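Novice: attaching a predicted model along with its sequence, questions to come.
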Amino acid sequence: WGGDASLLNAPPSCYFAQWLETRKYAICERSLRLYERILRKAGQYLDETAAELRELNADHIQRYLELLAYEHKAPSTIRLHGVVLRAVLEDACARGYLAHNPAKRVPVPQESARQWSGWDEDTQRKLLYGLKGHPLELPVHLAMVYGLRCGEICGLRWEDINWDDSLLYIRRNAVLTYDTDGSSRVIQTETMKAQASRRMFPLHPQTRALLRRVRAEQAGERNGAIFIAKNGRPMRPDGLSKRFCHFLQQNGLPKIRFHDLRHLCATALADRACEHPDDTAVCPSQSGQQRQCVPDHAERADSSRMTG
């Protein structure tokens, strides 16, 4: 936005507000709302302890993070506040408002590795058998076979399916946006998590069959989204996750997140000496030819159908 000398004498919250204003078109709505909540809370505290932006120091940031701990915030939440403050104040340094970044000197809780114990093949078969004919069958299939994220699944549209060449294109993401009255709705955007998130997969025969079944169920539906909620809009990612957790509970299956289905895909790909699902959908064989690299969950689903 160009340097504004008045910000040097302004409270930290004023700089935070202007930083958010310049970022609102560069980040997704969900992330923007999260940053707004973090910086609103941080700004309220820091305005009281450091009257001006240029007075900010490491002690102010440290005491703010200690306040979050006193309020029994989770370590991951405290870490997120620290990381966001570090990024915002680093921008202030780059623009000449601060000589150094005070948040860099403040340690934040280390990110603990999420434990993933995995599912054995019997558990996976029980999941796939229980999903036969269920509305969740296709979303779970896409996550387990292709490693798709929840938002990527909800972002799929029928034009992303190339029936002639049997290809599946991943080029959209479903995110929540908020209207002026505070209500939320889901939109499908071409803004992806990363450039590598745009990718292409071969359609497995089981995937093709499931897609055709869903398309037949949507006869007359003019909405281009593959997964549609009861209100006629694209399905919400958080709604998909909640339905999945409810299904696990109803069927006596171990509790995992919907996102953890990606781990099953990654593990199966690793077993086949393939790369991570975000990197490629086609892996080179030893002969130098390209071979389709798809986990064996689809074959497992086929076998569960035959034995069911």
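Specialist: Arrived safely, thanks for sending.
Novice: could you find the closest non-adjacent residue to Arg257?
Specialist: Ser241 (6.8 Å; C-beta to C-beta, 6 or more residues apart in numbering). From N, CA and C alone the C-beta is placed, and that goes for glycine too.
Novice: and His141, how many neighbours?
Specialist: Neighbourhood size, His141 [other C-beta atoms under 10 Å]: 23.
Novice: next, count neighbours for the closest residue to it other than its chain neighbours.
Specialist: Ranked by C-beta to C-beta, 6+ apart and with sequence neighbours excluded, the top spatial neighbour of His141 is Leu210, at 5.9 Å. Residues lying near Leu210 (other C-beta under 10 Å) number 18.
Novice: would Leu210 count as being in a helix?
Specialist: Yes: under DSSP: H, G, I helix; E, B strand; the rest coil, Leu210 falls within a helix.
Novice: returning to that earlier point: residues in contact with whichever strand or helix holds the residue nearest to Arg257?
Specialist: Following DSSP states H and E, one finds Ser241 within helix 237-250. The contact list for helix 237-250, computed with C-beta atoms under 8 Å, 6 or more residues apart in numbering, reads 127, 130-131, 134-136, 139-140, 150-151, 153-154, 174-176, 186, 227, 229, 253-259.
Novice: now do stretch 52-69
Specialist: With C-beta under 8 Å, 6+ apart, stretch 52-69 has contacts from 7-12, 14-15, 42, 45-46, 49-50, 77-78, 81-82, 85, 89, 92, 97-98, 102-103, 105-106, 108.
Novice: what subset of those is buried?
Specialist: 7-8, 10-12, 14-15, 42, 45-46, 50, 78, 81-82, 85, 89, 92, 97-98, 102-103, 106, 108 (16 or more other C-beta atoms under 10 Å).
Novice: what mean pLDDT does the strand or helix carrying Ala143 have?
Specialist: For Ala143, the enclosing helix or strand under DSSP H and E is helix 137-146. Averaged over helix 137-146, pLDDT sits at 92.
Novice: quick one: the helix or strand following that helix to chain centroid distance?
Specialist: Using DSSP H and E, the helix or strand that follows helix 137-146 in sequence is helix 150-154. Distance of helix 150-154 from its chain centroid, counting by C-alpha atoms, centre = their mean, to the nearest Å, is 8 Å.
Novice: where do the strands sit along the protein?
Specialist: If DSSP state E is used as the criterion, the strands of the chain fall at 161-162, 167-170, 173-178, 184-189, 199-202, 282-284, 290-292.
Novice: how about the fifth one: buried residues?
Specialist: Along strand 199-202, these residues count as buried under the neighbour rule (16+ other C-beta under 10 Å): Arg199, Phe201.
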